[in-house]
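> pasting the structure only:
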């Protein structure tokens, strides 16, 4: 889903200068907003997954997922 001018809002966010320079070095000044929005959306998805896992403790047994580290790494790879 692509955002349109009607679905976008400008907001002021204070970031450390070093972070801004790092972002601009990676993606260029013209792509700063797109990069920041993508990073925030990714973190929002992560936070929602964590909240879901916390609210559903015991949903999956150890027998179903014997190697939790491998399982989590595979989930991270899919993101």
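That came through fine. Note that the coordinates shown come from a computational prediction; the quantities given were computed from them, not determined experimentally.
> and the gap between residue 24 and residue 16?
13 Å (CB to CB, to the nearest Å). C-beta here means a position set from N, CA and C on the backbone, and glycine is covered the same way.
> between the two, who's got more neighbours?
Remark: of residue 24 and residue 16, residue 24 carries more neighbours, 14 against 8, as counted by other CB atoms under 10 Å.
> residues touching the more buried one, list them.
For residue 24, the contacting residues are residue 32, by CB atoms under 8 Å, 6 or more residues apart in numbering.
> Would you mind measuring from residue 5 to residue 73?
Residue 5 is 39 Å from residue 73, by CB to CB.
> Who has more neighbours out of these two?
Neighbours of residue 5 and residue 73, each counted by other CB under 10 Å, are more numerous for residue 73; the result is 11 against 5.
> in what helix or strand does the more buried one lie?
Per DSSP states H and E: residue 73 is located in helix 68-78.
> what's the burial count for residue 23?
For residue 23, using other CB under 10 Å, the count is 18.
> Surely it touches residue 37?
No. In this structure, residue 23 is not within contact of residue 37 by CB atoms under 8 Å, at 11.7 Å.
> what's the helix or strand for residue 22?
helix 17-27.
> can you pull the buried residues of that helix?
residue 23 (16 or more other CB atoms under 10 Å).
> what do you get for stretch 35-46?
Neighbour-count burial for stretch 35-46 [16+ other CB under 10 Å]: residue 36.
> Show the low-confidence segments of the protein, by residue range.
Where the chain drops to pLDDT under 70, the residues are 1, 57-66, 79.
> repeat that with 90
1-7, 46-47, 49-79 (pLDDT under 90).
> which one's the longest helix in it?
helix 32-55 (DSSP state H).
> how distant is that helix from the center of its chain?
How far helix 32-55 lies from its chain's middle: 3 Å, per CA atoms, centre = their mean, to the nearest Å.
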